[in-house]
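**Q** Okay, here's the prediction I keep looking at, along with the sequence it came from:
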Amino acid sequence: VRVEMEDGYFEYKDWSVPAFAITLASAAGLLVLFIYWYLRFGKDRDPVIMPVFRAPEGLSPLDVGYLFDSADESKDYAAMIYYWADRGLLDIEEKDESFILHKKAELPDGCEDYERNLFDAVFKNGSTAELDQLNIYQEIQTRVHPLLKKKYSKGRCNLFDEKSQRMQTASMLLVVAFALASSVCIAINDLRFGLFAFFTLAFQFVFTLLLFWQVNKKLSSRRQFVFTWVLVIFITLLSIFVINGICLSAGFGHLLIRSMTVIVTVSITVLTALSAAMPRRSDWAQGILGSIMGYRDFLMNVEMDKLRKLISEDPGYFYHNLSYAIVLDLETEWARKCDSLFTQPAGWYHGRETAASFMFYHALSRRFNTVFVQHCAAQPQMRSSSFYGSGPSRSGFSGFSGGGSGGGGSRSW
């Protein structure tokens, strides 16, 4: 059947211009709003850092590790073994490519419940614990991590200012709303393709948020910072490519639509970065940060004369700080710095070799951490049958997130 209609019967309206104007205005408005929120509620004040030659009083290595990067990782739990050994609560025996812990005393009164639960989990089968036969993953998940997180997420010890956390929640919701509205604007001439555009923008938002959160949660090296931004730029460009492909396949390759795609994807990356940086440290956390960073600076930069004096006054000074150096990612530097000042081996270690240097204890910590991660801190169904097959790991729990959803700038949480 052939039917000829008069000219103008089929009317087509191009909504690209108003959609472009709405998108541009929304992106600019949100950018101004987020910058204001960040400067008003999210930007951290510079902490007062004063070098101190001992760990912050009243904080175990697990506490310091959690406060340092807002996560409790496997190395933080492994460091607690050295902490307890240095306090005379247990001995470490290395035998047949494994480790055996011998309990000598109970934890003193006044310890936190999560530390006591961790100690009890290690020795749940008696006063002797063989690491390759011990798995405490469930105990950590149910009896240690929740209590640790609760302590540093509420009340006086909350790591982050509550108002800034609310601002972060609001900013993340606004980014999602912006992505949804932008998807409609991009596909305004054929809304059937709006859902594909939204999924692409949602993927971009989630992955960039995770990347910014990882790089912000503790002090990152320049290399890590650059690598993170390279990945973020790659994801942004990928999002532009995919959405442009969707638009072309739908038959609307208008210049304004393509421009809109670039504006939206770049805006989401910038807004996500500001949202991830929104939580600000609380006044209490700011003071603790100064103490931890001062202690960390001391471990990294202590002069040899000062270190020689401290070790001569206290031959166990290296061992007192070893567990804290582990959670602060400084065990190699600490062992290397003290190595020429070795005086006597630790009384809590018994093994197949004779400790003749502090570097020996650095190598010991790496071997110990490998066994601890593969046997004690791994999910039971994922345990490895080899002790030394994959080398030492640093995050057997993938880092339980702590008192906030992110950090700010190059902050240390």
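**A** Noted; the coordinates are in hand.

**Q** Please make it C-alpha for all contacts and neighbour counts, starting now.
**A** Fine.

**Q** mind listing the helices for the stretch 151-300 of the chain?
**A** Using DSSP state H, counting those that start in this stretch, the helices of the stretch 151-300 of the chain run over residues 162-186, 194-216, 222-250, 255-276, 283-301.

**Q** any low-confidence regions in the stretch 101-250 of the chain?
**A** For the stretch 101-250 of the chain, applying pLDDT under 70 flags the ranges 216-221, 250.

**Q** And the strands in the protein?
**A** Here the chain has its strands, by DSSP state E, at 71-72, 90-95, 98-103, 128-130, 349-350, 400-401.

**Q** Nearest to Arg192, out of the ones you listed?
**A** Each of the strands of the chain was scored for nearness to Arg192 using C-alpha to C-alpha, and the closest is strand 400-401 (37.9 Å).

**Q** Now the closest one: average pLDDT?
**A** Averaged over strand 400-401, pLDDT sits at 43.

**Q** likewise stretch 58-70?
**A** Stretch 58-70 comes out at a mean pLDDT of 89.

**Q** which parts of that stretch are buried?
**A** 60-70 (16 or more other C-alpha atoms under 10 Å).

**Q** for stretch 161-169, same thing?
**A** 161-162, 164-165, 167-169.

**Q** quick revisit: and the strands of the chain as JSON lines, adding mean neighbour count?
**A** JSON lines is the format used below for the strands of the chain (neighbours: other C-alpha atoms under 10 Å):
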{"stretch": "strand 71-72", "mean neighbour count": "28"}
{"stretch": "strand 90-95", "mean neighbour count": "18"}
{"stretch": "strand 98-103", "mean neighbour count": "19"}
{"stretch": "strand 128-130", "mean neighbour count": "18"}
{"stretch": "strand 349-350", "mean neighbour count": "18"}
{"stretch": "strand 400-401", "mean neighbour count": "18"}
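
**Q** Turn these into TSV, columns for distance to Asn369.
**A** Listed next are the strands of the chain as TSV, based on distance: least, C-alpha to C-alpha, whole Å:
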stretch	distance to Asn369
strand 71-72	14
strand 90-95	13
strand 98-103	11
strand 128-130	14
strand 349-350	15
strand 400-401	18
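
**Q** Indicate which one of the ones you listed is closest to Asp190.
**A** Using C-alpha to C-alpha, the nearest of the strands of the chain to Asp190 is strand 400-401, at 41.1 Å.

**Q** gap between stretch 333-350 and the chain center?
**A** Counting by C-alpha atoms, centre = their mean, to the nearest Å, stretch 333-350 is centred 30 Å from the centre of its parent chain.

**Q** repeat for stretch 28-44
**A** The chain centroid and the centroid of stretch 28-44 are separated by 23 Å, computed with C-alpha atoms, centre = their mean.

**Q** Would you mind measuring the gap between the ends of it?
**A** Start to finish, the residues bounding stretch 28-44 are 24 Å apart (C-alpha to C-alpha, to the nearest Å).

**Q** Tell me how far Ser239 lies from Gly110.
**A** Computed with C-alpha to C-alpha, the distance linking Ser239 and Gly110 is 53 Å.

**Q** er, Ser275 actually
**A** From Ser275 across to Gly110, the span is 39 Å (C-alpha to C-alpha).

**Q** likewise Ser98?
**A** Counting by C-alpha to C-alpha - Ser98 and Gly110 are separated by 32 Å.

**Q** again, but for Pro345
**A** Separation of Pro345 from Gly110 (C-alpha to C-alpha) stands at 30 Å.

**Q** Of the strands of the chain, which is nearest Trp37?
**A** Smallest distance to Trp37 across the strands of the chain (C-alpha to C-alpha): 23.6 Å, for strand 400-401.

**Q** Pro61 reaches Ala78, doesn't it?
**A** No: contact criterion C-alpha atoms under 8 Å: Pro61 and Ala78 do not qualify, at 9.6 Å.

**Q** ok, now which ones touch the residue lying closest to Pro61 once chain neighbours are set aside?
**A** If the residues on either side of it in the chain are set aside, Pro61 comes closest to Tyr324, at 5.2 Å by C-alpha to C-alpha, 6 or more residues apart in numbering. Tyr324 sits next to 55, 61, 64-65, 79 when contact means C-alpha atoms under 8 Å, 6 or more residues apart in numbering.
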